[in-house]
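here's my sequence, what's the structure:
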Amino acid sequence: MVAVPGPHELLLGICHFSGKENEVLRLQELFVPRCGDVFFITNEFYRPILRALTELADETVQQDPHLSLPDKFSFLKAASMMHGAAPFVQKINAWTWRRCFAHGSGLHDFPCHLPFCNTGDGLPPKVLVLIADPRYIVMMLYRWAVNNFRLRVSAADFVNSFVRRELPEVLPPFRFFDDSLVWAEMAQKYPSQVREFRSDLLGSPLPKEVQKEMESIAAFLEVPQSRALETVQQLFAGDFADEKFPKKLRKRPRADEYLEPLDNFNYIGRFEEIMASLGMDAIVAWQDRLACWRDSGFPFLAELGGKASQGAASLPPQHKSVPLKGAYIHAAGECKPCSFFMRGSCHRSEELCIFCHSDGHVRVNRPSRKQRAAKQRGGFACGGGGGSGGSRGLQ
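As a prediction, the model looks like this:
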């Protein structure tokens with residue numbers, strides 16, 4: 001889902017703190033959950049999404065996100081190893097707001113025992129298990145491995161090694177299949193405390209998909225639904241992007257010179273392209289890895305595993321995986337204009353509409369009903385004539 005100062009520590013970066021693993025055990029001894037705590041369980045620590053979820057959980061973040069957001073959530077294991085478990089616990093015990101923590105997918109080193117005991121008046125602690133399509137996770141792990149370990153490896157080589165369980169020993173074990181099964185069992189046993197959500201939907205280019213998932217999270221966190229809409233608008237406006245924050249709070253520069261270029265909105269499509277080039281034995285190995293989810297009996301994981309098993313047949317339509325707006329896309333002439341906006345009738349804001357609201361689009365009059373009927377009969381070709389509306393766009 002990279003070391004930087006303060007509580008924005010590492011993306012799964014335990015490898016950078018070798019020899020300090022005892023601090024994780026110490027954290028398990030010292031950490032005491034309290035009312036309102038929120039734990040994000042994720043394999044891909046994508047900071048804009050975590051910032052958005054943190055703001056959703058605690059409305060006080062909205063007062064000054066540049067200053068308060070970095071102090072509002074922390075990566076548990078990395079923070080305890082960087083600062084020491086005791087100083088870290090002392091620091092977070094002084095927080096007066098709703099505490100938010102990010103944690104790698106394992107339950108074995110989670111600092112709390114489930115179910116949570118009654119912590120007094122107020123909201124009980126909540127665990128959000130963020131799970132994605134496994135193909136999406138593999139491609140995100142590829143980017144993480146290259147950025148953090150400087151592996152000079154192509155996406156195809158990484159995928160091939162992953163599906164065959166032959167990743168280089170320098171990389172930590174990626175146990176998201178097994179860990180997700182454990183969390184699914186916890187969600188089934190304690191549904192009021194643990195819930196699964198789709199992290200890839202939170203990163204969707206479709207505002208409606210993001211809003212639907214964010215509203216489900218808001219209901220689980222027991223915060224107003226209006227906050228979900230506000231958070232989605234800010235997310236699409238780029239308010240949580242790294243460039244919006246001081247340099248010391250941004251991620252370490254990426255190793256993009258080693259990375260194969262990837263369409264940020266088409267990780268799954270690229271994964272399927274790679275699998276098609278690897279041959280049948282790789283496909284069989286991948287199906288074998290998916291079986292633990294597909295046949296698990298947990299509906300959430302079974303659906304994801306079954307969908308991934310369908311291969312390219314499960315890919316979404318292009319308009320759901322390729323952005324239709326944005327400054328660069330608009331400048332290149334590849335955007336899709338919102339015809340409702342040009343007529344002054346788009347009921348969505350610029351951030352939440354999937355079509356382009358930028359200036360420079362030419363409004364095309366829609367042919368009249370008579371002209372359209374004549375064209376269907378083959379009577380004549382309709383021109384740009386008599387209709388009063390612009391060309392329709394799917395909303």
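
can we go C-alpha only for contacts and neighbour counts from here?
Fine.

give me the contacts around the helix or strand where L235 lies.
Element membership of L235, judged by DSSP states H and E, is helix 225-236. Applying C-alpha atoms under 8 Å, 6 or more residues apart in numbering, the contact partners of helix 225-236 are 48-49, 52, 55-56, 207, 210-211, 214-215, 218-219, 240, 351-352.

make it 7 Å
52, 56, 210-211, 214-215, 218, 351-352 (C-alpha atoms under 7 Å, 6 or more residues apart in numbering).

can you pick the most crowded of these?
L56 (27 neighbours; other C-alpha atoms under 10 Å).

Validate this expectation: it resides in a strand.
No: assessed with DSSP: H, G, I helix; E, B strand; the rest coil, L56 is helix; it does not lie in a strand.

just to revisit the earlier point, farthest pair in the contacts of helix 225-236?
A218 and E351 (19.7 Å; C-alpha to C-alpha).

output the contacts of helix 225-236 in CSV; the columns should cover distance to E272.
Listed next are the contacts of helix 225-236 as CSV, based on distance: C-alpha to C-alpha, whole Å:
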residue, distance to E272
A52, 30
L56, 34
V210, 23
Q211, 27
M214, 28
E215, 30
A218, 33
E351, 30
L352, 29
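
give the phi and psi angles for R198, as a check.
phi -90, psi 110 (degrees, to the nearest 10).

show me the contacts for it.
The contact partners of R198, taken as C-alpha under 7 Å, 6+ apart, are 130-132.

per-domain residue ranges of this structure.
Domain ranges of the chain: 14-249, 323-395, per automatic domain parsing.

for E273, find the nearest of these.
Taking the domains of the chain one by one with C-alpha to C-alpha, domain 14-249 is closest: 9.0 Å.

what separates that closest one from the chain centre, distance-wise?
10 Å (C-alpha atoms, centre = their mean, to the nearest Å).

try stretch 278-297
On C-alpha atoms, centre = their mean, the centre of stretch 278-297 falls 23 Å from that of its chain.

tell me the buried residues in that stretch?
Under the neighbour-count criterion of 16 or more other C-alpha atoms under 10 Å, stretch 278-297 has 282-283, 286-287, 289-290, 292-294, 296 buried.

now R165: which helix or strand?
In the assignment (DSSP H and E), R165 maps to no helix and no strand.

what pLDDT does it get?
Reading off the confidence values, R165 has pLDDT 87.

which of the contacts of R198 has the most neighbours?
Of those, with other C-alpha under 10 Å as the count, I131 tops at 25 neighbours.

measure that residue to G104 for me?
From I131 over to G104 the distance is 12 Å, taken as C-alpha to C-alpha, to the nearest Å.

what do these two both touch?
With C-alpha under 7 Å, 6+ apart, I131 and G104 have common neighbours T42.

one step back: which of the contacts of helix 225-236 sits closest to A156?
After measuring these against A156 - C-alpha to C-alpha - the closest member comes out as V210, at 29.1 Å.

and the pLDDT for the closest one?
89.

that one contacts L202, correct?
Yes: using C-alpha atoms under 7 Å, V210 makes contact with L202 at a distance of 4.8 Å.

can you list the buried residues in the helix holding L235?
Buried residues in helix 225-236 (16+ other C-alpha under 10 Å): 225, 227-229, 231-236.

next, format those residues as JSON lines and append pLDDT and distance to F177.
Conversion of the buried residues of helix 225-236 to JSON lines gives the following (pLDDT from 0 to 100; distance: C-alpha to C-alpha, whole Å):
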{"residue": "Q225", "pLDDT": "92", "distance to F177": "32"}
{"residue": "R227", "pLDDT": "91", "distance to F177": "32"}
{"residue": "A228", "pLDDT": "92", "distance to F177": "29"}
{"residue": "L229", "pLDDT": "90", "distance to F177": "32"}
{"residue": "T231", "pLDDT": "89", "distance to F177": "30"}
{"residue": "V232", "pLDDT": "88", "distance to F177": "29"}
{"residue": "Q233", "pLDDT": "86", "distance to F177": "32"}
{"residue": "Q234", "pLDDT": "84", "distance to F177": "32"}
{"residue": "L235", "pLDDT": "83", "distance to F177": "29"}
{"residue": "F236", "pLDDT": "80", "distance to F177": "30"}
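
among the residues you listed, which one lies nearest to M81?
Using C-alpha to C-alpha, the buried residues of helix 225-236 come closest to M81 at L235, 30.5 Å.

and S314, how many neighbours?
14.

so what's it closest to, chain neighbours aside?
Leaving aside its chain neighbours, S314 sits nearest to K307 (6.1 Å; criterion: C-alpha to C-alpha, 6 or more residues apart in numbering).

in which helix or strand would I find Q287?
Per DSSP H and E: helix 280-294 holds Q287.

which strands or helices does that helix pack on?
helix 155-163, helix 299-309 (3 or more C-alpha pairs under 7 Å, 6 or more residues apart in numbering; DSSP states H and E).

at 8 Å what do you get?
Under the contact criterion of 3 or more C-alpha pairs under 8 Å, 6 or more residues apart in numbering; DSSP states H and E, helix 280-294 touches helix 155-163, helix 176-189, helix 299-309.

what lies in contact with that helix?
Counting by C-alpha under 8 Å, 6+ apart, 160, 163-164, 177-178, 181, 275, 301-306, 308-309 sit against helix 280-294.
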